[in-house]
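Trainee: Structure, please.
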Amino acid sequence: MQDVSAVSRARIAHLTNAGGRRSARALVLVAAGLLASAAQADFLSPIPTYGVNGTAVFGVGSGFTLRDSEPGGIVAAAVADSAGKLYVLYRAVPPAASDSHLYLVRLDANGALDSSFTRADFDLSSAFDDNLALGFDESRSRFYLVTLPPTPTAGFITVSARDAGGLRDPDFNSGADLTITPDKLIDNRFSLAATVDRTSGRLVLAGAFLTSSEPDTVLGNLQAFTYAVTPAGALDISYNSTGLREPAAPASAAISSSLGFGAASSATTGRVLNFGSGKVSPSRFVGTVFSDNIDGVPTSTFGTEGLGVVDISATTPPGEGQANLTQLLFGRILPSGVTQLIGVNGILQLASRTYVTGTTSVAGVQLTPEGVPDTRFKGTGIFTTPFAIGRAPPTVLFADGSFASVFKSSSTEISVLAVEGFSVFAEDGTTGGSTTGGTTTGGSTTGGSTGGGTGGTTGDTTGGSTGGATTGGATTGGASSSGGGGAFGLYGLAGLMLGGLLRRRRAVGSAQRG
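Mentor: Residues are numbered from 1 along each chain as shown. Prediction:
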């Protein structure tokens with residue numbers, strides 16, 4: 001593998017804030033190690049046919065300038081459809097203007113900007129809080145913008161259903177936004193998550209309520225919640241009679257506090273998952289997976305009374321005032337009932353709600369239909385590998401189990417890094433999945449022919465000019481590029497995981513969805 005070029009190092013330094021610059025060298029080393037093992041086509045191998053060696057770059061438009069809410073290059077949100085097309089929502093200031101708007105674009109299954117999809121304008125982004133979840137109802141071509149007001153504790157959730165042109169959908173709540181007002185405050189330091197059941201069209205939301213007005217210094221007064229919303233724009237009373245459920249851990253689980261970081265729904269049974277974290281002690285948090293049947297009743301055959309627990313041992317003992325936290329962030333339910341999840345494990349700095357860089361690991365988890373780790377996957381049901389990061393950009397799962405993270409790479413460009421994930425494993429855990437497997441010849445999709453991304457950027461691509469042989473679907477030629485996207489792929493790979501990671505909010509210092 002080629003060494004990281006001077007251009008790569010300069011771009012990484014440009015992208016990170018002061019704290020990030022101090023750790024840029026470590027990030028590059030981690031990324032280099034992961035890319036060097038890409039020929040194994042393992043969980044974090046870049047997908048060779050996506051963009052340039054796994055990284056696609058596109059421009060946001062002539063005269064437009066990206067706005068991120070904080071240093072680090074976080075874009076707003078992203079979601080994928082069943083065909084592998086990726087919808088990216090970002091904030092940008094249009095030419096000759098001072099206020100930013102929310103824009104939506106689509107990338108095809110290979111990471112190219114789809115010119116047949118007209119960029120949607122969702123109005124002034126000041127109308128939406130930075131804590132924003134994006135859902136997509138594919139059968140109705142409807143997008144959901146789910147937001148909280150910009151206060152540390154929020155009293156309502158706003159659900160705005162829009163068509164592909166950015167206009168409000170008249171078939172949802174008579175063309176108006178839906179305001180959900182619970183009788184508890186919502187903790188705006190943590191993520192909102194949105195998913196759409198592809199069979200019923202029901203929108204499922206996950207988050208965390210505050211159960212006490214006392215200051216929360218140890219993540220101890222939080223309760224996960226799940227909302228269900230009908231396609232017509234009302235709370236779904238067929239789900240737990242009210243459309244709301246606060247999943248509680250059985251007493252035997254010894255979990256005193258829980259957070260919802262993600263949601264999933266089964267297309268075959270309508271079963272709903274709320275996954276996140278559960279507090280066992282101030283220094284130990286386990287991953288939690290609450291399973292409900294379509295009517296909101298806990299799935300008695302899943303885990304213990306509807307709760308599956310994922311316990312990942314700490315890689316480093318937590319320090320004073322810090323907690324070892326396992327977060328399950330993204331997942332899906334296969335038709336067989338098997339659940340696949342992606343998460344993070346590490347030491348959290350409680351004051352800032354960010355991970356201590358160097359203590360963290362990415363986790364891939366597979367659970368049986370009974371809600372216990374599936375030993376067919378990696379022998380234990382749990383795959384972990386170290387990585388160094390405190391927070392991360394939005395990440396989405398594709399239908400085949402691969403996934404991609406989306407991040408700002410310059411003031412006018414967005415990069416997308418796609419990796420294999422579960423796609424290289426059959427359901428029984430054996431290798432040889434659907435994404436790779438020898439169909440790509442080394443460097444044939446790059447070699448300078450792709451000029452630095454498809455959205456108006458034209459940087460010369462030097463990596464990939466050598467058409468090396470392919471081993472197991474991963475290219476051996478063109479592992480590095482000094483333009484286009486490959487260089488930033490180094491930062492993206494080191495910075496991968498996972499949109500839902502706790503990260504500090506601008507001005508109020510609270511955490512929100514990545």
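Trainee: Report the buried residues of stretch 226-235.
Mentor: 226-231, 233 (16 or more other Cβ atoms under 10 Å). Heads up, the C-betas are built off the backbone N, CA and C, glycines and all.
Trainee: repeat for stretch 273-286
Mentor: For stretch 273-286, burial by neighbour count (16+ other Cβ under 10 Å) applies to 273-280, 282-286.
Trainee: Hmm, D121 and G61 touching each other?
Mentor: No. Counting by Cβ atoms under 8 Å, G61 does not reach D121; the two are 11.1 Å apart.
Trainee: any chance of the buried residues of stretch 273-286 in a markdown table, plus distance to G155?
Mentor: Formatted as a markdown table, the buried residues of stretch 273-286 follow (distance: Cβ to Cβ, whole Å):
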| residue | distance to G155 |
| --- | --- |
| L273 | 26 |
| N274 | 21 |
| F275 | 25 |
| G276 | 21 |
| S277 | 24 |
| G278 | 25 |
| K279 | 24 |
| V280 | 30 |
| P282 | 28 |
| S283 | 32 |
| R284 | 31 |
| F285 | 27 |
| V286 | 30 |
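Trainee: any chance of the residues you listed in a markdown table, with pLDDT too?
Mentor: Formatted as a markdown table, those follow (pLDDT from 0 to 100):
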| residue | pLDDT |
| --- | --- |
| L273 | 97 |
| N274 | 97 |
| F275 | 95 |
| G276 | 94 |
| S277 | 94 |
| G278 | 94 |
| K279 | 93 |
| V280 | 92 |
| P282 | 86 |
| S283 | 87 |
| R284 | 90 |
| F285 | 92 |
| V286 | 95 |
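Trainee: Filter these down to the ones in strands?
Mentor: Residues of those located in strands (DSSP state E): 273-280, 284-286.
Trainee: from these, which is closest to A426?
Mentor: L273 (21.8 Å; Cβ to Cβ).
Trainee: residues touching the closest one, list them.
Mentor: Applying Cβ atoms under 8 Å, 6 or more residues apart in numbering, one finds that L273 lies in contact with 262-265, 289-292, 331, 333, 339.
Trainee: What is the nearest of the residues you listed to G207?
Mentor: Among those, A263 lies closest to G207 (Cβ to Cβ), at 9.3 Å.
Trainee: What score does that closest one have for pLDDT?
Mentor: If you check A263, the pLDDT there is 95.
Trainee: Beta-bridge partners for it, please?
Mentor: N274 (DSSP bridges).
Trainee: and of the buried residues of stretch 226-235, the nearest to D129?
Mentor: Distance to D129, by Cβ to Cβ, is smallest for Y227 among the buried residues of stretch 226-235, at 17.0 Å.
Trainee: Look at that closest one and report its pLDDT.
Mentor: pLDDT, Y227: 97.
Trainee: Which helix or which strand is home to it?
Mentor: strand 222-229 (DSSP states H and E).
Trainee: Please apply the same query to Q366.
Mentor: With DSSP H and E as the test, Q366 turns up in strand 361-367.
Trainee: T151 against N188, yeah?
Mentor: Yes. Proximity of T151 to N188 meets the contact threshold set by Cβ under 8 Å, at 6.2 Å.
Trainee: the more surrounded of those two?
Mentor: Taking other Cβ atoms under 10 Å, T151 and N188 do not tie; N188 has more neighbours (25 against 13).
Trainee: so the more buried one makes contact with L132?
Mentor: No. With contacts counted by Cβ under 8 Å, N188 stays clear of L132, the gap being 11.4 Å.
Trainee: re the thing from before, between the buried residues of stretch 226-235, which is closest to Y239?
Mentor: Once Cβ to Cβ is applied, the member of the buried residues of stretch 226-235 that ends up nearest Y239 is A228, at 3.8 Å.
Trainee: looking at it, the closest one is touching S241, isn't it?
Mentor: No. Look at A228 against S241 with Cβ under 8 Å: they stay out of range, at 11.0 Å.
Trainee: can you list residues touching both of those two?
Mentor: G296.
Trainee: residues of stretch 321-329 that come out buried?
Mentor: Of the residues in stretch 321-329, those buried by neighbour count under the rule 16+ other Cβ under 10 Å are 322-329.
Trainee: which residues of the stretch 101-250 of the chain fall in strands?
Mentor: Ranges of strands within the stretch 101-250 of the chain are 101-107, 120-124, 132-137, 142-147, 153-154, 157-162, 178-180, 186-187, 193-196, 203-210, 222-229, 244-245, based on DSSP state E, counting those that start in this stretch.
Trainee: since we're on the closest residue to L102 other than its chain neighbours, how many residues are nearby?
Mentor: Closest residue in space to L102, ignoring its immediate chain neighbours: F122 at 3.9 Å, by Cβ to Cβ, 6 or more residues apart in numbering. The tally of other residues near F122 (other Cβ under 10 Å) stands at 21.
Trainee: roughly how far out does stretch 81-101 sit from the chain middle?
Mentor: With Cα atoms, centre = their mean, to the nearest Å as the basis, stretch 81-101 stands 17 Å off its chain's centre.
Trainee: Quick one: end-to-end length of that stretch, please.
Mentor: One end of stretch 81-101 to the other measures 23 Å (Cα to Cα, to the nearest Å).
Trainee: Could you list the buried residues of that stretch?
Mentor: Neighbour counts using 16+ other Cβ under 10 Å place 81, 84-94, 100-101 of stretch 81-101 among the buried residues.
Trainee: and what of stretch 346-359?
Mentor: By 16+ other Cβ under 10 Å, the buried positions in stretch 346-359 come out as 346-350, 352-359.
Trainee: So which of those is the closest to S256?
Mentor: Looking across the buried residues of stretch 346-359 and measuring by Cβ to Cβ, the closest to S256 is L350, at 15.8 Å.
Trainee: so what's that closest one up against?
Mentor: 217-219, 321-323.
Trainee: With H101 instead?
Mentor: With Cβ under 8 Å, 6+ apart as the criterion, the residues that contact H101 are 91-94, 121-125.
Trainee: What of R119?
Mentor: Shown in contact with R119 (Cβ under 8 Å, 6+ apart): 61, 103-105.
Trainee: Endpoints of stretch 157-167, how far apart?
Mentor: First-to-last distance for stretch 157-167 - Cα to Cα - comes to 19 Å.
Trainee: tell me the mean pLDDT over it?
Mentor: For stretch 157-167, the mean per-residue pLDDT is 94.
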